[in-house]
Structure formats: C-alpha cells, structure tokens
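Student: Next input, structure requested:
(one chain, ligands or ions: 2)
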Amino acid sequence: MSKKETKLQGWNYSPAPESKSGASLKKQYDLFIGGKMVKPTSGKYFKTINPATEEVISEVAEANAADVDKAMKAARKAYTGVWSKMKASERGKYLFRIARLIQERAREFAIVESMDGGKPIRESRDVDVPLAANHFFYYAGWADKLDYAFPNRQAQPLGVAAQIIPWNFPLLMAAWKIAPALACGNTVVLKSAETTPLTAYKLAELIQDAGLPEGVVNIISGAGATGAAMVNHPEADKIAFTGSTDVGKIIQKAIAATHKKATLELGGKAANIIFEDAPIDQAVEGIVNGIYFNQGHVCCAGSRLFVEESVKDVVIAKLKHRMASLIVGDPLDKNTDIGAINSRSQLQTIENYIRIGLDEGADMFQTDCKLPSKGFWCRPTLFTDASQSHRIVQEEIFGPVLAVISFRTIDEVIAKANNTPYGLSAGVWTDKGSKIFNLTTKMRAGVVWANTYNKFDPVSPFGGYKESGFGREGGLHGLSAYVQF
Ligand code: NAI
Ligand code: MG
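Tutor: Residues are numbered from 1 along each chain as shown. Ligands and ions are numbered 1, 2, ... in the order given. Next up, the predicted model:
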C-alpha cells in the first residue's frame, strides 16, 4: 500500500482529488458595486485562506462604512430606476439566466467552495451548487406569479435588502437570499462571511455575464463592522441574516423601532430521535449525515442524539463502527467524508467544547484516523452518557461532535428534545407513521425530518422557533419575507 492510500477497514482508496485548475481565481477581488468591480474606499484588503492547507488563496476588499454607503445607494438607484419598474416576467428571465449559468459553471463553483471553506467536494458538488441553481430556478418561476402566491392582494417589493451570510454554505446562502429578493422586485447588497468570500465574487462575475442591470445585486466583503454598517444604513428596508444567535440579537436591537423588516436564521441544537422500531442501519447513516458530514458546520446539524434505551447499545456500536470508516482529509478528494474545519477560531471553539464535555464527565469516543499535518481538522467525536444539563447538550458547537442521551417514553423524549433555547430542526426515526405525526406536532422545531435527515428543496420553507430566529426561507413562505401589501 502506498503511503498516500487510505487504509479503511480492509478497503484502500487511492487519492482522487479534483484539480484546482478547474477554478480560475484572481489574486485580488474588489467590491462589486453598481455592476462593476470597484476598489474599496478603505484601501484595505484581507486574505482568504484554504483551511485545509493554510495557504492564501486570494485577498478581498474590506468594505468600510463609505463602501457600504456606495453599495446601498447603488441598490436604491437600481430599485427606483429599473428593477421595481421592470415587467415581472422580465425579472424572471434574468433569474432563469443566473440559474442556468450556475449549472454551466457548477464544477468551478464546487472547487472554489471546497478550497475556500474546507467542505468536501462531494458536498459542494452534489448539494451546495445544484441547490443554489435550483433556488434561482424556483424563484424565477414565481417572479411573474406573485398574484397567485398572494391572491387578491397587491404584493409590492420592500425596496433594498441588506443580506448578511455565514461561512458554512456560502454560495447556497447567497442564492437563498438573492433569488427570492429579486423575484419580488427588490434589489440587494450582500455581504459574504470573512472566511469564505470567493464564491460570492464568482457569483458577481456570473451576474455581470447574465447582463443583470447594474446595481440590482451588489456584493461586498468584510467582517462584523461591515455587516453592522449595512444593518444601520438608512437605505436598508430589509435585513436578511444567517449566522450566530448573538449577532442576531444585536441586529434585532439595532433595528428596533425602525421601519426595517428582518428575517433571522440563527443557531440550532437539533434532536435526532431514534426509536427501537426504527430501521437501525438507515438511522445510523442518518446520524452520520446529520452531524459528521460537512464537519458539523450546519445550523440544523443533528447534534443531540436521543436513542430509545432498548436499542442504545446496538445503535452506539453500529455508529462507532461507521464512524471508524469516515475519511477525514483533503476536501478536494472525492472520497472525503469530512473536510477541514472552516477556520482556526472555529476549531478552537470546537476543541474547547470537547474539553468541556470531558470535564462534565461524559464518555468520549473519537476515531483514530490520521489527520493532515497542516490545516484545521477535528476527528469525528461522540459523547455517550451525556445529560440534559451538560453544556455540550445545551449549546451550539458547530463541529463534528455528537452527544447521546437515552430515553424510555415518548413524552420523556419530547420534553427532553424541546428543552433547548433553539428550535430549528429535528429528526425522527421509527417504523410507525403515527409516532412521526405525534412528534411533528409536538416538536418545537421549524423542520422535522422523518426517516431521513438534512434533506433540502427550494419548495420547502426553512427557519426556526425560539432563539433559532424567525421568518422562513424557501418555498412560498420565502416570498412573503420580501413583499409588503
Ligand atoms: P457570526 O454570526 O459572527 O457571523 C455570521 C455573519 O455575520 C458574518 O458574515 C459576519 O461577518 C456577520 N457579522 C458579525 N458581526 C456582525 C454584526 N455585529 N452585525 C452584522 N453582521 C455581523 O458567526 P461566527 O462568528 O462566524 O460563528 C460563531 C458561531 O455562530 C458558530 O460557532 C456557530 O455556532 C454560529 N453560526 C451559526 C450559523 C448558522 O447557520 N446558523 C452560521 C455561522 C455561525
Ligand atoms: Mg477561506
């Protein structure tokens, strides 16, 4: 066996990396404002690195308050001058064009997404990029059918939307935000997250190629201060945010008593519930998909596993066996299951929670896979015998760390699963339809998956209860967040 091959329970996989040459990247990216790439007033740029290698990929402009002002004014001008006046069917055509161009350039988007953010190419290629295209297709279809979406009401756009996205699904979150906004006749200023700005700028290039009127979509980069300047800007009629609950609270305070509307998609601590009558092998696969794929960098990650006492031992044994075969490593390799942790600081957060879990007395299991010497990595981690009061059960970790709790009755598991400040998603595994319906009505979670996990479709609304935020993205519900009557 050559050194590079991965030894895996009797199976050897040769490296199968996607070539970086499939992505054309510039050394430097300016801000996309008013249809052009413009130098930042700040004169500042920051580096974006590949978290799997710690190599610098490019540097991107850091927008300051003056840059935000320019972008917001460009969006306002495009809104009043062009976009809000355009025939809805014409708006739809632009969205269809963007969707098709994403499909044409899917491979390049997938490579850049995996390089900049560390997620396995299998995920970016099979999930992020196709779903991003599908969101544009879906909302393109609605653009000239708002009268059917809102019968007997005159849906009007809100105006300019300030959209702030996180680093876990950079292109997909941009699509979730931009597509419904444009379909309803709004214009946007979108800010990418500081560790993953590149696919948003690739999208800016694509939008230029699609011939979208200038200023309808503006894309900028920067960190929290840039986001805050967008939120506080007087031209912002709507704030769409996905990220941490802490920042969501700051935004809500900042816009209190203003005309600004908001949708906030915040953290989660989803319960994945396995009953004794569940198809155990499929459930184990669903658990792995729910927490380990994409490094647990998923707001709806199934980070709490509730397993019925009678099948606890078998589920945990099968889960450990499956975990041992997970391949951690090069995100560009098509065999990789778990890529790099997105940033050094997120890795520190996760490692800190692992220490907390040990201090709290839960039993830890980690696989002994070999980790690359450079970059940010975390082994798939399982805490068994965790209790409701443990911080690893209560707080969002946003990493490949799963806490297991057992239960005996349905009422008990519902009470335990709902005992969290969050309420974004949940999973239920059982052979009985009646149990599923019982749980879906009692779980305080925006999405409840049954006998599957992490399934997404542009038609289904997504969003949370409680501190997971408010408002829905996707589906018909996603349109109502961008219109007024
Ligand atoms: P964050 O909430 O700070 O960042 C998300 C976005 O908000 C980024 O674009 C950031 O630049 C922007 N931002 C930061 N401060 C802002 C402010 N005051 N006003 C406006 N925009 C602001 O999240 P961070 O620090 O990257 O991650 C911390 C934790 O948040 C993670 O460990 C995870 O638990 C959670 N998180 C949840 C996400 C979700 O999808 N619900 C996504 C990312 C993080
Ligand atoms: Mg990066």
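
Student: what residues are up against residue 88?
Tutor: Residues counted as contacts of residue 88 (Cβ atoms under 8 Å, 6 or more residues apart in numbering) are 143-144, 146, 185. Heads up, the C-betas are built off the backbone N, CA and C, glycines and all.

Student: what's the farthest-apart pair in these?
Tutor: Taking Cβ to Cβ, the two most distant members of these are 144 and 185; they sit 10.8 Å apart.

Student: Mind listing the shared neighbours of those two?
Tutor: When Cβ under 8 Å, 6+ apart defines a contact, the residues bordering residue 144 and residue 185 alike are 88, 91.

Student: burial count for the nearest residue in space to residue 430 that is not next to it in sequence?
Tutor: Among residues not flanking residue 430 along the chain, residue 275 sits closest, at 4.0 Å (Cβ to Cβ, 6 or more residues apart in numbering). By other Cβ atoms under 10 Å, 22 other residues sit near residue 275.

Student: what do you get for residue 53?
Tutor: Taking other Cβ under 10 Å as the definition, residue 53 ends up with a neighbour count of 16.

Student: ok, now which ones touch the residue of the stretch 151-300 of the chain found nearest ligand 1?
Tutor: In the stretch 151-300 of the chain, the residue that lies nearest ligand 1 is residue 227 (2.2 Å; Cβ to the nearest ligand atom). Contacts here follow Cβ under 8 Å, 6+ apart; on that basis residue 227 touches 164, 191, 247.

Student: So which residues on this protein come close to ligand 1?
Tutor: Contact residues (Cβ under 6 Å from any ligand atom) of the chain with ligand 1: 164-168, 191, 193-194, 223-224, 227-228, 231, 242-244, 247, 250-251, 265-267, 299, 346, 349, 396, 398.

Student: one more time with 5 Å
Tutor: Contact residues (Cβ under 5 Å from any ligand atom) of the chain with ligand 1: 164, 166, 193, 223-224, 227-228, 243-244, 247, 250, 267, 299, 396, 398.

Student: Now go through the residues you listed and say which are in helices.
Tutor: The members of the residues of the chain next to ligand 1 that map onto helices under DSSP state H are 224, 227-228, 247, 250.

Student: out of these, which is most surrounded?
Tutor: Within those, most neighbours by other Cβ under 10 Å means residue 227, with 26 neighbours.

Student: what pLDDT does it get?
Tutor: Residue 227 carries a pLDDT score of 98 in this model.

Student: The one 3 residues further on too?
Tutor: Residue 230 carries a pLDDT value of 98.

Student: For it, which non-adjacent residue is spatially closest?
Tutor: Computed as Cβ to Cβ, 6+ apart, the closest residue to residue 230 that is not its neighbour in sequence is residue 162, at 4.0 Å.

Student: returning to what we had before: out of residue 144 and residue 185, which sits in the busier spot?
Tutor: More crowded of residue 144 and residue 185, by other Cβ under 10 Å: residue 185, with 23 against 16.

Student: so what's the more buried one up against?
Tutor: With contacts defined as Cβ under 8 Å, 6+ apart, residue 185 is in contact with 83-84, 86, 88, 91, 156-157.

Student: any idea of the mean pLDDT in stretch 290-308?
Tutor: When the per-residue pLDDT values of stretch 290-308 are averaged, the result is 96.

Student: Can you pull up the most central residue in this protein?
Tutor: Relative to the mean C-alpha position of the chain, the nearest C-alpha, by Cα atoms, centre = their mean, is the one of residue 169, at 3.8 Å.

Student: quick one, what contacts it?
Tutor: For residue 169, the contact set (Cβ under 8 Å, 6+ apart) comprises residue 128.

Student: quick one: the residue in the stretch 151-300 of the chain that ligand 2 sits nearest to and residue 244, what's the gap?
Tutor: When distances are taken as Cβ to the ion, the stretch 151-300 of the chain approaches ligand 2 most closely through residue 195, which lies 4.5 Å from it. Using Cβ to Cβ, to the nearest Å, one gets 14 Å for the distance from residue 195 to residue 244.

Student: residues touching the nearest residue to residue 236 once chain neighbours are set aside, list them.
Tutor: The shortest distance from residue 236 to any non-neighbouring residue, by Cβ to Cβ, 6+ apart, is to residue 162 (4.1 Å). If you count contacts by Cβ under 8 Å, 6+ apart, residue 162 has them with 72, 188-189, 191, 230-231, 233, 236, 238-240.

Student: what do you get if the cut-off is 6 Å, keeping everything else the same?
Tutor: Neighbour list for residue 162: 189, 230, 236, 239 [criterion: Cβ atoms under 6 Å, 6 or more residues apart in numbering].

Student: Quick check: the second one touching residue 69?
Tutor: The one in question is residue 230. No - contact criterion Cβ atoms under 6 Å: residue 230 and residue 69 do not qualify, at 9.9 Å.

Student: The two: which is more packed in?
Tutor: Neighbours were tallied for residue 230 and for residue 69 using other Cβ under 10 Å; the higher tally belongs to residue 230 (29 against 17).

Student: Would you confirm that the more buried one belongs to a helix?
Tutor: Yes - using DSSP: H, G, I helix; E, B strand; the rest coil, the secondary structure at residue 230 is a helix.

Student: tally of neighbours for the residue in the stretch 351-485 of the chain that ligand 1 sits nearest to?
Tutor: Nearest residue of the stretch 351-485 of the chain to ligand 1 (Cβ to the nearest ligand atom) works out as residue 398 at 3.7 Å. Summarising burial for residue 398: neighbours were counted as other Cβ under 10 Å, giving 24.

Student: do residue 256 as well
Tutor: For residue 256, the tally of surrounding residues (other Cβ under 10 Å) stands at 8.

Student: and what of residue 95?
Tutor: Residues contacting residue 95 under the criterion other Cβ under 10 Å number 25.

Student: Please apply the same query to residue 373.
Tutor: Taking other Cβ under 10 Å as the neighbour definition, residue 373 ends up with a count of 6.

Student: Tell me the secondary structure at it.
Tutor: In the three-state summary, residue 373 is assigned as coil, counting by three-state DSSP.

Student: Could you double-check that residue 369 sits in contact with residue 328?
Tutor: Yes - between residue 369 and residue 328 there is a contact under Cβ under 6 Å: 5.0 Å.

Student: ok, those two, which is more surrounded?
Tutor: Under the neighbour definition other Cβ under 10 Å, residue 369 and residue 328 were set side by side, and residue 328 has more, 23 against 20.

Student: So what does the more buried one look like in phi/psi?
Tutor: In terms of degrees, to the nearest 10, the main-chain angles of residue 328 are phi -100, psi 130.
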